[in-house]
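Novice: Structure here, sequence nowhere to be found:
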Ligand SMILES: C=C1C[C@]23C[C@@]1(O)CC[C@H]2[C@@]12CCC[C@@](C)(C(=O)O1)[C@H]2[C@@H]3C(=O)O
Ligand SMILES: O=C(O)CCC(=O)C(=O)O
Ligand SMILES: [Fe+2]
């Protein structure tokens, strides 16, 4: 069976869509990173932080209502945050400190871990870069399992701690993803048999992404991460509580910020859960705005089924009264969907939509 990494080999990238600029050397936002100003999409359209009281639901995973609340949040918003998630705060601090250790290296050291043109892991700009004609104020480090190969290039004698932390974090995130997914299926009234749960869990496609948004001389012009939906089933994001920048797009309200809450992890629905829920759960469109004062670091964990798994609306969710089959998407393998998304970005979902 193909790995998630292999799903990307058919869409190699040009080096200009891999190598980030050297953020340490820029004193103003270059033309290449200056985004056009339009009414709604513009990063300049800053949010009134005092005037609006939007906040995404915070769910205590130890609460007896957690299943109902998580399912409801998936349905209404496609995003929520969790507390009492079982990830030790010491591990959250350690991963931040290792991410910091990497991103504060000089550019010439970071490129030693550069993602290869047909590769999926390593240092580089966001995978979605080729779809936009401006560059983002962002650099990332993607891992799928052990980062040993890349870490050894960067720190020939000091890679061990980095690898240990990244591997430990991925193990714990995998367990948390499985727990969240089981809760969501329970909310939907879907049995583990209906989704072939044992197979879905074995060989799950997972990725860990360290995101860095350096301080920006003019955040109103720049885009941290351009609007996108995440591809797999679920994303779990750790954002340092002192640095905001993540925004979600809400129908009728535009871009609203997701303020970090100390100790909480943000969970969002990705395209594959949108498909499996037969569009009951929105795959939330989100973006990141950089800051003038804070170098923001975040850690995203992406969880999906194995590459040969067929993703389609779950059978029990496609029967509506009077209509035998109301599936809104055709079924597609994880590998094919990842490739379709890599080639078509936001058009991918509509390419498999049937009603
Ligand atoms: C499995 C993955 C999800 C992701 C692409 C990737 O192969 C690993 C990096 C992930 C990431 C992180 C930044 C935003 C994003 C859209 C991107 O360009 O790379 C996501 C991808 C995704 O969810 O589609
Ligand atoms: O850094 C953030 O706040 C969001 C990151 C994100 O959207 C991603 O990694 O997919
Ligand atoms: Fe994302």
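Specialist: Cool, the structure landed. These numbers come from a predicted model, not from an experiment. Numbering: from 1, shown residues only. Ligands and ions are numbered 1, 2, ... in the order given.
Novice: Only C-alpha atoms from now on, for both contacts and neighbour counts.
Specialist: OK.
Novice: Need the nearest residue in space to residue 119, chain neighbours excluded.
Specialist: residue 9 (6.2 Å; Cα to Cα, 6 or more residues apart in numbering).
Novice: Return the distance of that neighbour relative to residue 27.
Specialist: 36 Å (Cα to Cα, to the nearest Å).
Novice: okay, those two: which has more neighbours?
Specialist: residue 9 (15 against 10; other Cα atoms under 10 Å).
Novice: pLDDT at the residue nearest to residue 119, what is it?
Specialist: Note for residue 9: predicted pLDDT of 96.
Novice: Tell me if I'm right that it and residue 118 touch.
Specialist: Yes. Using Cα atoms under 8 Å, residue 9 is in contact with residue 118, at 4.7 Å.
Novice: in the one helix or strand residue 94 maps to, what's buried?
Specialist: Assessed by DSSP states H and E, residue 94 sits inside helix 89-103. For helix 89-103, burial by neighbour count (16 or more other Cα atoms under 10 Å) applies to 92, 94, 95, 96, 98, 99, 100, 102, 103.
Novice: The nearest residue to residue 228 once chain neighbours are set aside: neighbour count?
Specialist: Spatial nearest neighbour of residue 228, excluding adjacent residues (Cα to Cα, 6+ apart): residue 285 at 5.3 Å. When counting by other Cα under 10 Å, one arrives at 20 neighbours for residue 285.
Novice: Against residue 271, how distant is residue 285?
Specialist: Residue 285 is 10 Å from residue 271, by Cα to Cα.
Novice: Overlap in contacts, the two.
Specialist: In terms of Cα atoms under 8 Å, 6 or more residues apart in numbering, residue 285 and residue 271 are both contacted by the residues residue 229.
Novice: Could you pick out the longest helix of the protein?
Specialist: Ranked by residue count and defined by DSSP state H, the top helix of the chain is helix 160-188.
Novice: Past that helix, which element shows up next along the chain?
Specialist: Next in line after helix 160-188, if elements are assigned by DSSP H and E, sits helix 197-201.
Novice: buried stuff in that next one?
Specialist: residue 200.
Novice: Could you do stretch 144-159 as well?
Specialist: So stretch 144-159, judged by 16+ other Cα under 10 Å, has buried residues 144, 145, 146, 147, 148, 150, 151, 152, 153, 154, 159.
Novice: what is the mean pLDDT for that stretch?
Specialist: Here the average pLDDT along stretch 144-159 is 98.
Novice: So is that stretch next to ligand 2?
Specialist: No. Figure legend: stretch 144-159 not in contact with ligand 2 (Cα under 6 Å from any ligand atom); closest approach 13.8 Å.
Novice: any residues touching that stretch, and which ones?
Specialist: 5, 109-110, 112-114, 121-122, 162-163, 166-167, 170, 206-208.
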